[in-house]
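*Asks:* just the structure for this:
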Amino acid sequence: MELKRSRVRRHAMCPPIGALLRYQTRIVRVVAEARGQRAMIESLDTTGRTFVSTVKWASLCELGAQLF
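*Replies:* Coordinates of the predicted model:
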């Protein structure tokens with residue numbers, strides 16, 4: 001008799017609202033949860049204006065011990 005291996009899936013968790021995270025080279029704040037494992041983030045552009053965009057949860061990283 002053959003035993004089936006159970007697959008353990010790691011489900012991505014949405015970051016908490018208001019959390020500061022790193023997205024590529026920018027530090028962003030999570031504004032809301034969006035559809036399809038995405039989060040709405042708020043960041044500053046090069047002119048200092050605030051803009052909101054949607055990114056996948058997997059693209060967001062924790063800041064770590066150092067902010068800058």
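*Asks:* was I right about Val28 contacting Leu21?
*Replies:* Yes: Val28 is within contact range of Leu21, at 5.8 Å (criterion: C-beta atoms under 8 Å). No exception for glycine: its C-beta is placed from N, CA and C like everyone else's.
*Asks:* what is in contact with the two at once?
*Replies:* Common contacts of Val28 and Leu21 (C-beta atoms under 8 Å, 6 or more residues apart in numbering): Ile41, Leu60.
*Asks:* so in terms of bridging, what pairs with the nearest residue to Ser59 once chain neighbours are set aside?
*Replies:* Take Ser59 and drop its neighbours on the chain: the residue closest to it by C-beta to C-beta, 6 or more residues apart in numbering is Tyr23, 6.1 Å away. Beta bridges link Tyr23 to Arg26, Leu60, judged by DSSP bridges.
*Asks:* these two touch, right, Tyr23 and Trp57?
*Replies:* No: the criterion here is C-beta under 8 Å, and Tyr23 misses it with Trp57 at 10.8 Å.
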